[in-house]
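Q: The following block contains a protein sequence and its predicted model.
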Amino acid sequence: MNYRRVGYTDIQVSEIGLGIWSIITDWWGADVNKAEEILRRSYEMGINFFDTADVYGEGKGEEIIGNVLSTKRDRIVILTKIGYDFYHKEGGKMKQKFDIPYLEFALKKSLERLNTDYIDILMIHNPKMTIIKNKEILSFLRSLKKDGIVRMIGVALGPTLGWREEGLEAIRNGYESLEYIYNIIEQNPGNEFLKFNIGHFIRVPHASDILDEDKWPILEDPKLHRSLKDINWLLKGVKNSVELKNFAEKKGMKLYQLALKFILKNDKVSSVIPNISSLSDLNKYTNMDNLPDLTEDDLNYIESYYKKHYIELNEESIKETLRYK
């Protein structure tokens with residue numbers, strides 16, 4: 001496993017991270033024992049970066065990290081997120097909440113579940129522009145750094161692709177890291193974010209399974225991230241990826257490996273978080289040894305391929321975000 005420095009800090013993370021969302025939420029058929037097994041094995045394989053949120057499994061995601069890895073606290077990096085009030089649902093639904101008393105409460109609960117007295121990277125979870133611009137929230141988060149409770153602060157953009165203005169505003173305001181969707185198909189707005197020397201944590205690297213030929217044919221599935229996508233977008237994406245799959249094979253790798261290699265070629269990327277929901281997935285997405293590096297010619301080919309086959313899909317993805325604003 002290779003490790004990278006996060007932005008300008010001294011935090012070192014594994015280039016492949018484990019996202020707790022995909023092993024603990026009901027969407028994925030949560031099984032705590034199975035999740036803990038994946039967590040243990042990922043650590044044994046060299047993964048030291050664990051991406052979670054208080055809302056994942058309504059606290060269970062943080063709990064399993066605390067249960068399994070608390071004795072290794074100084075050897076792991078935890079990113080967690082707060083901002084969804086799942087403690088007080090209305091009509092069975094939770095709302096976002098970013099007032100300071102609630103954030104203090106949520107952080108306290110996260111620390112308890114994680115069985116730790118500090119968070120490496122704390123992010124506000126899917127905030128709108130008004131929250132990102134809120135100076136009181138930023139001041140509160142900075143005070144946590146000053147007090148040694150948090151090492152780094154950031155913004156998780158979502159739940160969909162897009163949020164260009166929000167991401168750039170977060171960077172301008174002094175947030176030190178972003179988590180967002182970025183892949184060969186959906187390169188924007190990520191390409192703009194990657195110009196900045198901050199922490200970059202990349203999710204959905206396989207574009208809702210389009211860039212993983214093992215998941216073809218793509219079917220609708222309410223349990224998967226692809227449920228947020230129009231099925232026609234997914235089908236068009238697969239159709240447009242056949243030639244790229246052939247290109248990957250000529251390079252001696254699978255398409256899903258090429259997808260990860262492309263992201264990791266950018267040295268500003270801190271860590272990539274594939275959707276891992278089984279030990280098989282874990283082995284598959286961490287098996288990057290002995291693969292050839294991408295050359296400048298390879299990157300030029302991928303850039304031209306994007307312009308020919310993917311740019312319209314990228315633009316459609318960004319437009320989808322409007323329904324969440």
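A: Good, I have the coordinates.

Q: Check which helices and strands whichever helix or strand Lys108 is part of sits against.
A: Following DSSP states H and E, one finds Lys108 within helix 100-114. Helix 100-114 is packed against helix 60-69, strand 77-82, strand 119-125, helix 135-146, with contacts defined by 3 or more Cβ pairs under 8 Å, 6 or more residues apart in numbering; DSSP states H and E. Glycine gets a C-beta too; all of them are placed from N, C-alpha and C.

Q: ranking these by burial, who's on top?
A: strand 77-82 (a mean of 26; mean count of other Cβ atoms under 10 Å).

Q: List the strands paired with that one, with their directions.
A: Strand 77-82 sits in its sheet next to strand 49-51 (parallel), strand 119-125 (parallel), going by DSSP bridges.

Q: Now the element after the longest one, going C-ward?
A: When you say that, I think you mean strand 119-125. helix 129-132.

Q: List the contacts of that next one.
A: Taking contacts as Cβ atoms under 8 Å, 6 or more residues apart in numbering, the residues outside helix 129-132 that touch it are 83, 98, 124, 137, 155, 165-166, 169-170, 173, 175.

Q: Tell me the one of those nearest Thr25?
A: Gly83 (16.4 Å; Cβ to Cβ).

Q: what's around that closest one, how many residues?
A: When neighbours are defined as other Cβ atoms under 10 Å, Gly83 has 23 of them.

Q: Report the beta-bridge partner residues of the closest residue to it other than its chain neighbours.
A: In space, and not counting its chain neighbours, Gly83 is closest to His125: 3.8 Å by Cβ to Cβ, 6 or more residues apart in numbering. Note on His125: beta-bridge partners by DSSP bridges are Ala156.

Q: Contacts only, for His125.
A: Taking Cβ under 8 Å, 6+ apart, one finds 53, 55, 81-84, 96, 156 in contact with His125.

Q: okay, how far is it across stretch 87-98, tip to tip?
A: 14 Å (Cα to Cα, to the nearest Å).

Q: Can you point out the buried residues in it?
A: Residues of stretch 87-98 classed as buried: 97-98 (neighbour count, 16 or more other Cβ atoms under 10 Å).

Q: Show me how far that stretch is from its chain's centre.
A: 23 Å (Cα atoms, centre = their mean, to the nearest Å).

Q: before we move on, what about stretch 69-79?
A: 18 Å.

Q: Stretch 198-213 too?
A: 8 Å.

Q: Report the mean confidence score over that stretch.
A: Across stretch 198-213, the average pLDDT comes to 97.

Q: got a list of what the residue sitting nearest the centre point of the chain touches?
A: By Cα atoms, centre = their mean, the chain has its centre lying nearest to Arg203, at 3.1 Å. The neighbourhood of Arg203, defined by Cβ under 8 Å, 6+ apart, consists of 19, 51, 179-182, 273.

Q: For it, which residues count as its bridge partners?
A: Ile181, Ile273.

Q: Please report the distance of it from Leu178.
A: For Arg203, the distance to Leu178 (Cβ to Cβ, to the nearest Å) stands at 11 Å.

Q: pretty sure Val269 contacts Pro205?
A: No: using Cβ atoms under 8 Å, Val269 is not in contact with Pro205; the gap is 9.9 Å.

Q: quick one: the strands in the stretch 151-300 of the chain?
A: Listed in chain order, the strands of the stretch 151-300 of the chain (DSSP state E, counting those that start in this stretch) span 177-181, 199-203, 271-273.

Q: Just the buried positions in the least confident helix or strand in the chain by mean pLDDT, please.
A: Least confident helix or strand of the chain, by mean pLDDT, DSSP states H and E, is helix 21-24 with a mean of 90. Neighbour counts over helix 21-24 (16+ other Cβ under 10 Å) mark 21-24 as buried.

Q: For the helix holding Lys108, which outside residues touch it?
A: Here helix 100-114 has contacts from 54, 59, 62-63, 65-66, 70, 78, 80, 82-83, 85, 117-119, 122, 124, 136-137, 140, 144, 149, using Cβ under 8 Å, 6+ apart.

Q: how far off strand 119-125 does it point, in degrees?
A: With axes from the mean of the first three to the mean of the last three Cα atoms, to 10 degrees as the basis, helix 100-114 and strand 119-125 are set at 130 degrees to each other.

Q: Could you pull up the mean pLDDT of helix 100-114?
A: Taken as a whole, helix 100-114 has an average pLDDT of 98.
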